[in-house]
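**Q** sequence and predicted structure are below.
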Amino acid sequence: MPNSQIRIYTQKEQGEQWLRRYRGCLPVFACVLGFTETGLIPGISAAGRTPEDRKYTACADAEFLYYGPEHKAQYPLPPLAAGASPVLISRAVFESLKIPIHLFNAGLPQPPAVPVIDLGGAPAQCLSGGAAMEITTVHHLFEQGLLWGERLAANIQQGYLIVGECVVGGTTTALAILTGLGIDAAGKVNSSHPVCNHSQKWSLVQAGLEKMKGSRGQGARGREQDKIFQSQTQNSVDPLKLVAAVGDPMQVVVAGMAIAASRSCGVMLAGGTQMLAVYALMSAIAQAYALSWQPEAVVVGTTRWVAEDPTGATVDLALNLGKNSLTPSGGTPPLLATHLSFADSRYPQLRAYEQGFVKEGMGAGAACIAAHLSQDWQQHQLLAAIEAQLERLSTASH
C-alpha cells in the first residue's frame, strides 16, 4: 500500500495489514495520565521549563485536550524552553474528527480540572530509589487497566483503540523497564530534548535496578539471586514487581488496557520509547501470568521526530524487543509513524520540532495516523488544523 503519510519501520507486512484493516475507521482515544518524581530531577525532561512547571504538565495537557484553546484553564500549558505542547496536534485532530476521548488518572499529585476516570493509583517516587510504587498499587492499576480495556473495546464495533499517555520523565522509567526485562535499551531511548540526555537517564536506571536487586535478598542467597538477575533468564523478574521498583503508574494501566482490548479490537499504542516499553511489559506480563492477548492486533504509532531521532535509536529498540526470551509472545511490534512535518510552518514553536524539541506526547503521532486512515488527511490539512489551534490559543491568551 503506497503511503506517503504513514511510514512503517518494523514488521512491514503486519503493519500494512493493520492499516488496511482499519482504513476508513474512526478510533476511540484513551489517554492515561501519570506521574513520577523522576520528572522533577533538574534537566531530566523538557516537558515544562522548571520542576515546578512539570508537576502540572499532565493536568495542563489533559485540560487543553478536553476543552480546547478558548477555555480559561485552571492549569495552563506550561512554558517550554522551545516548541509547543504536542497536545496541540492531538486536539486539532480529535476536535476535527470528533473522536471520543477518555481520560484516566493513574496517579497524579493533584486531580486534573477535567472529567477524568480516577483509577485509584498514586504518583511514583523517583525510580533511582528502587521502590517507586507499592506492589499492591501496581496490582490494582493492572486490574483497572484490564477492566477498562475490556469496557472500551466492548463499545468498538469496527474501529480501534488508541491508548496515549502523559508522564513527564516517562522515557527514563521506560528505559528502566526495558533494561529490567533484559532488553538492550541503553542509548536507544528518546527524550523531549533535542539531544537525548542518555547518561543522566542511565545512571538513574542503574541506581534503581541496583537497589531493586539489593532488596531481593541478602547474604549468599542474595548473591545467587544477583546471578539470576544478571543472566535475565525467564522468570528471573516478575514484571509487576519490576514496575513497582522502577516504573510509573501509566505503564501498567496501559499494558492491562491493551492486553484486554487486543482480544476484540485493534490497538494503537500512541508514543515512542514509552510505548515500546509498555509493549515489552505486556508481553512479559502475559507470559508470567498466562494471560491471553493478540499481539497481531497491536501496533505502536508515533511521530517521525521520534522514529528518526538521530540522538536515539527507536527502530533498533523496537527490533531488540524481538530478541528477548522474556517477551516471546510479542516479539517486535509494527512501528508506524506519521510523516507530519513542521518545516514549512509559519510558527517558530512548531518549527522547533524539526530541531528535535518535544517530538511526541498525548497521542500526537497516533492522532495524525488516525486522521490519514479515516479521512485521508494529507500534510497540508494536518498543518492547517494544528496551526489553527495555535492561533486560537495565542488569541485566547492575549
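**A** Yep, it's here.
**Q** give me the neighbour count for T136.
**A** Using other CB atoms under 10 Å, T136 has 9 neighbouring residues. For every residue, glycine as well, the C-beta is placed using N, CA and C.
**Q** and it, how close does it get to E360?
**A** Per CB to CB, to the nearest Å, T136 is found 32 Å from E360.
**Q** do the same with S85
**A** For S85, the distance to E360 - CB to CB - is 11 Å.
**Q** between those two, which one's more packed in?
**A** Set S85 next to E360 and count neighbours by other CB under 10 Å: E360 wins out with 31 against 26.
**Q** ok, that one - contacts?
**A** Taking CB atoms under 8 Å, 6 or more residues apart in numbering, we find E360 in contact with P86, N190, G271, G272, T302, T303, W305, V306.
**Q** the second one in helix, strand or coil?
**A** To tie it back to what came earlier, the one meant is N190. Put simply, N190 is coil when judged by DSSP: H, G, I helix; E, B strand; the rest coil.
**Q** thought it was touching T303?
**A** No - between N190 and T303 there is no contact under CB atoms under 8 Å: 10.0 Å.
**Q** what do these two both touch?
**A** With CB under 8 Å, 6+ apart, N190 and T303 have common neighbours G272, K359, E360.
**Q** now render those as JSON lines, adding distance to V254, secondary structure and pLDDT.
**A** Converted to JSON lines, those look like this (distance: CB to CB, whole Å; DSSP: H, G, I helix; E, B strand; the rest coil; pLDDT from 0 to 100):
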{"residue": "G272", "distance to V254": "14", "secondary structure": "coil", "pLDDT": "96"}
{"residue": "K359", "distance to V254": "19", "secondary structure": "coil", "pLDDT": "95"}
{"residue": "E360", "distance to V254": "15", "secondary structure": "coil", "pLDDT": "96"}
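**Q** any idea of the mean pLDDT in the helix or strand containing V254?
**A** Here V254, judged by DSSP states H and E, is contained in helix 249-262. What helix 249-262 shows for mean pLDDT is 98.
**Q** elements contacting that helix?
**A** When contacts are defined as 3 or more CB pairs under 8 Å, 6 or more residues apart in numbering; DSSP states H and E, helix 249-262 sits against strand 28-34, strand 101-107, helix 135-154, strand 160-166, helix 170-180, helix 239-246, strand 266-270, helix 273-288.
**Q** what's the burial count for S199?
**A** S199, neighbours per other CB under 10 Å, totals 10.
**Q** next: D118.
**A** Neighbour count of D118, defined by other CB under 10 Å: 14.
**Q** OK, contacts around it?
**A** F104, N105, P111.
**Q** what is the burial count for the first one?
**A** For F104, the number of neighbouring residues by other CB under 10 Å comes to 26.
**Q** what's across from it in the sheet?
**A** V32, I117 (DSSP bridges).
**Q** for P115, see how far away it is.
**A** Counting by CB to CB - F104 and P115 are separated by 11 Å.
**Q** where in the stretch 201-350 of the chain is pLDDT low?
**A** 217-235, 325-330 (pLDDT under 70).
**Q** ok, 90 please
**A** The model of the stretch 201-350 of the chain has pLDDT under 90 over residues 214-237, 323-331.
**Q** the stretch 1-150 of the chain too?
**A** Those would be 1-4, 48, 78-82, if you go by pLDDT under 90 across the stretch 1-150 of the chain.
**Q** that one: helices as residue ranges?
**A** According to DSSP state H, counting those that start in this stretch, the stretch 1-150 of the chain carries its helices in the segments 12-22, 51-54, 57-67, 87-97, 135-154.
**Q** this completes my enquiry, with thanks.
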